[in-house]
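Peer 1: A predicted structure for the sequence below; I have some questions about it.
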Amino acid sequence: MTARPLIGITSYLDEAAWGVWRQSAAVLPQTYLDAVSRAGGTPVLLPPQSGGVERLIGALDGLLLAGGADIDPARYGADPHPRTGRPRPQRDGWELELLAAALDRDLPVLGVCRGLQLLNVALGGDLVQHLPDESHQTLPAGYVRQEVTIRPDSVLGGILGPVAQVSCYHHQAVGRTGSGLRATAWSADGTVEALELPGRAFTVAVQWHPETDPDEPRLFEAFTAASRQEATR
């Protein structure tokens, strides 16, 4: 039997309500869990916490950086834009530690939305803190369906081909590209929609939300396949 790789997924730490309760909770949209499970992986939630990063990364076969709140602009030396969300220092710090340990080990990494931005910031890049209203995000919670153009000679191009229809929900984007990273997909307005770190087992990040599209499983399948190889090393 082929082993199901363990995929760590970063999660929110927010106030949530269920039953008669309303309190701080570690939460994650079910779509991420379903996407990993359908692709053949076993999802493991990684809520913000203190310590244990090296042991966790040593036990995992892949790391999925999920979407979520804006990254603190202080992390890339900028003042906050009026539309930038409040800082989440615990989540930022936790995920930057996880990512650093994963890259050091060359663990397969998939970034989604905030995950792409985190990868860029971690490697010295910065962010455009607010895109034109309604261009890539429809409030209060509507995805913008759009076409992206993909570099044919990229890992992503090998998975999805030169063009893909994707679902976006982001008001921030890549500004200056981080060290060693390569932009590999763009929307029609020139916004960077994917980044890769060449020469790695699998380090791919997309600005859109592939977990919301069960009819297009190829990106999660490729990530899980790379993680499965890690599991058998």
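Peer 2: Cool, got the structure. Numbers count the residues shown, from 1 in each chain.
Peer 1: so what's residue 226 up against?
Peer 2: By Cβ atoms under 8 Å, 6 or more residues apart in numbering, the contact set of residue 226 is 62, 108, 201-202. For the C-beta atoms, the positions are set from N, CA and C on the backbone; glycine is no exception.
Peer 1: leaving out chain neighbours, which residue sits closest to it?
Peer 2: Nearest non-adjacent residue to residue 226, counting by Cβ to Cβ, 6 or more residues apart in numbering: residue 202, 3.7 Å away.
Peer 1: ok, then the element right after the longest helix seen in the chain?
Peer 2: Ranked by number of residues, the top helix in the chain under DSSP state H is helix 89-105. Next helix or strand after helix 89-105 toward the C-terminus (DSSP states H and E): strand 109-112.
Peer 1: partner strands of that following strand and their direction?
Peer 2: strand 62-65 (parallel), strand 203-206 (parallel) (DSSP bridges).
Peer 1: tell me where the model's unsure across the chain.
Peer 2: Counting by pLDDT under 70, the low-confidence segments of the chain come to 1.
Peer 1: and the helix or strand that residue 58 is a member of, what does it pack onto?
Peer 2: Here residue 58, judged by DSSP H and E, is contained in helix 53-59. Contact here means 3 or more Cβ pairs under 8 Å, 6 or more residues apart in numbering; DSSP states H and E; on that basis helix 53-59 packs against strand 6-10, helix 89-105.
Peer 1: just name the most buried of those.
Peer 2: Stretch with highest mean neighbour count among the helices and strands packed on helix 53-59: strand 6-10 (a mean of 24; mean count of other Cβ atoms under 10 Å).
Peer 1: quick one: that strand to chain centroid distance?
Peer 2: Chain-centre distance of strand 6-10: 11 Å, with Cα atoms, centre = their mean, to the nearest Å.
Peer 1: could you say what helices and strands that strand packs with?
Peer 2: Counting contacts by 3+ Cβ pairs under 8 Å, 6+ apart, strand 6-10 packs against helix 30-38, strand 42-46, helix 53-59, strand 62-65, helix 89-105, helix 218-231.
Peer 1: with just CA atoms, put the shortest one into CSV.
Peer 2: Extracted C-alpha coordinates of strand 62-65, given in CSV (Å, rounded to 0.1, in the frame of the first residue of the first chain):
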residue,chain,number,x,y,z
GLY,A,62,4.8,18.5,3.0
LEU,A,63,3.8,22.0,4.2
LEU,A,64,0.8,23.9,2.9
LEU,A,65,0.7,27.6,3.8
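Peer 1: name the residues that touch it?
Peer 2: 5-10, 32, 36, 41, 43, 57, 95, 98-99, 102, 107-112, 114-116, 118-119, 202, 205, 223-224, 226-227, 230.
Peer 1: cutoff 6 Å now
Peer 2: Residues outside strand 62-65 that contact it (Cβ atoms under 6 Å, 6 or more residues apart in numbering): 5, 7-10, 102, 107-111, 115, 118, 227.
Peer 1: reformat the residues you listed as TSV; add distance to residue 75.
Peer 2: Converted to TSV, the contacts of strand 62-65 look like this (distance: Cβ to Cβ, whole Å):
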residue	distance to residue 75
5	30
7	25
8	21
9	21
10	16
102	18
107	22
108	24
109	18
110	21
111	15
115	14
118	9
227	27
